[in-house]
Every structure is written in C-alpha cells, then in structure tokens.
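A.B. asks: build the 3D model from these lines:
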Amino acid sequence: MTPERQNRGGSSAPSGSAGRVAAGRVTALVTSVMDLHVRIALQEADSEKRRLISGGILLGGGLTFLVLATVLGQLALVLWLHQGVGWAWIQAVLAVVAGDLVIAGLMLRIGGQLLKGPYLPQTTAGLSRTTRAIFGR
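C.D. replies: Next comes the predicted model:
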C-alpha cells in the first residue's frame, strides 16, 4: 500500500487493530452495563418476592381472623336468639343458617354478574389453559 493511500484512510494493520481494541472496549462496556442491569433486576425480583410472600401471609392471617370472627358472631347470634328472644336451640340455629344462605346466595349472584361479560382473548386463553390443567380436559 502506498503512503499516499494510507493517509487517505486506506486500511492498514495499526488502524484495524485500533478498531478492534475500540470494539472490544465497547463490548466490555455493554457487557458491564448488562451485568449491572441483571444484578439490579435480580435484587428487585427478590424484593418483590419477599413483599408478595409477606402480603400473602398477612392476607391469610387476616382471613383466618375474619372467619373466626364470623363464626363467633354467629354463635353469639344463636345464643342471643335462644336466651334473649326465647327461641329453641334448633330454631335459633336454623334462623342463622337461613340468614347465611340468603347472604351467600346474594353474594354468589352479584359475584357471578361481575365475572360475566366480555373477556380479552388472552384472558380467555389463560382461563382455558388453567381449567384444562386443573381438570385434565
């Protein structure tokens, strides 16, 4: 190669080597940034996992106490109907059971109406896959 051509930007060994060094540095920089990104993402995932587990445990505890309070409230209602109003035990229990059935029926009816309606195709596909996985159909 002539010296004139080298001055005009022709390829030569030293400039090609410098290009490879620069490309290597850029690659190392990108790799470093990606490693940092992955490390941060893993830390965030661990934090989210802990948050979700803690939230699930607290919700479970709250629901347990809610069920306990409901049962004790029904027991208190049965006792009040028996002692305060003077109903027989069976009448008091049947009245509370009838009230429970009415409330359950209303909740199921309203919940069914809320769940009815148009679903996005992705939601329908997900529900179908879940149903097939659970029931084996």
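
A.B. asks: what residue is smack in the middle of this protein?
C.D. replies: Centroid-nearest residue in the chain, with CA atoms, centre = their mean: L52, separated by 7.7 Å.

A.B. asks: can you tell me which helix or strand that residue belongs to?
C.D. replies: Assigned by DSSP states H and E, L52 belongs to helix 13-79.

A.B. asks: ok, then the element right after that helix?
C.D. replies: Immediately after helix 13-79, counting by DSSP H and E, sits helix 89-115.

A.B. asks: what about this protein, any weak spots by pLDDT?
C.D. replies: 1-15, 137 (pLDDT under 70).

A.B. asks: now do 80
C.D. replies: 1-16, 117-119, 137 (pLDDT under 80).

A.B. asks: can I see the domain layout of it?
C.D. replies: 14-65, 87-137 (automatic domain parsing).

A.B. asks: who wins for proximity to G73 among those domains?
C.D. replies: Comparison of the domains of the chain against G73 by CB to CB identifies domain 87-137 as nearest, at 9.6 Å. Yep, even glycine has a C-beta here, placed from its N, CA and C like the rest.
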